[in-house]
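Chemist: prediction below, plus the sequence it came from.
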Amino acid sequence: MSSVFNSISAFLIHRWGGLAVGAALLGGGCVSVDTIAPPVATLSGGGGDAVVEGRRLYLTTCTKCHSAEPVLDFTAAQWATILPEMAEESHFTSTQTAAVEAYIQAVLATASTATETR
Ligand code: HEC
């Protein structure tokens, strides 16, 4: 099983790795981690344990293969496709996937509120 996943990953990295590395280089120097993954305390809905755990996973497990992608670079619709794939890449349990999903949704909700009030 893992060899199948490895070859899929190898294919994806081969095909898309250049883009991911480019984004990592751009993000590395000048974008702060708080911009990439806003702290839970700054989220409009506050954050329960799942949201806190989701951010932790986002900045740890989700950075094993690439740097942390800015949450707000993707819409909710894009995340609905991306997250299941990346949760599988991360070998997450359903609880861990739900935690990252809760965190991403909280960030998106906060951003949409901010846009409305501006
Ligand atoms: C096993 C390696 C691996 C892990 C772990 C991993 N990713 Fe990825 N990720 C990739 C690869 C390879 C790509 C580029 C190919 C692709 O888009 O499928 C990628 C791409 C992405 C993208 C860009 C997608 C796009 O359409 O541009 C996002 C966002 C992302 N990952 C988020 C995450 C999150 C969130 C987690 C944790 C839940 C995670 N990744 C964990 C390998 C990984």
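Modeler: Done, it's in.
Chemist: which residues of this structure fall in helices?
Modeler: 2-30, 33-36, 49-59, 76-89, 94-117 (DSSP state H).
Chemist: might you list the low-confidence residue ranges for the protein?
Modeler: For the chain, applying pLDDT under 70 flags the ranges 1-30, 116-118.
Chemist: give me that answer again for 90
Modeler: For the chain, applying pLDDT under 90 flags the ranges 1-31, 45-47, 112-118.
Chemist: verify the contact between Ala102 and Ala50 for me.
Modeler: Yes - between Ala102 and Ala50 there is a contact under CB atoms under 8 Å: 4.4 Å. For every residue, glycine as well, the C-beta is placed using N, CA and C.
Chemist: which one of the two is surrounded by more residues?
Modeler: Set Ala102 next to Ala50 and count neighbours by other CB atoms under 10 Å: Ala102 wins out with 20 against 17.
Chemist: now for the more buried one: which residues touch it?
Modeler: When contacts are counted by CB atoms under 8 Å, 6 or more residues apart in numbering, Ala102 touches Gly48, Ala50, Val51, Gly54.
Chemist: and the residues you listed, which is closest to Thr75?
Modeler: Gly54 (17.9 Å; CB to CB).
Chemist: now Pro84. Nearest residue, chain neighbours left out?
Modeler: Nearest residue to Pro84 in three dimensions, chain neighbours excluded: Thr97, at 7.6 Å (CB to CB, 6 or more residues apart in numbering).
Chemist: quick one: which of the contacts of Ala102 has the most company?
Modeler: Neighbour-wise, the contacts of Ala102 (other CB under 10 Å) top out at Gly54, 27 neighbours.
Chemist: OK, contacts around it?
Modeler: Gly54 touches Ala99, Val100, Glu101, Ala102, Tyr103, Ile104, Ala106, counting by CB under 8 Å, 6+ apart.
Chemist: how about CSV for the residues you listed, with distance to Thr35 added?
Modeler: Shown next, in CSV, are those (distance: CB to CB, whole Å):
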residue, distance to Thr35
Ala99, 21
Val100, 18
Glu101, 20
Ala102, 20
Tyr103, 15
Ile104, 15
Ala106, 16
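Chemist: which among those are in contact with the ligand?
Modeler: Val100 (CB under 6 Å from any ligand atom).
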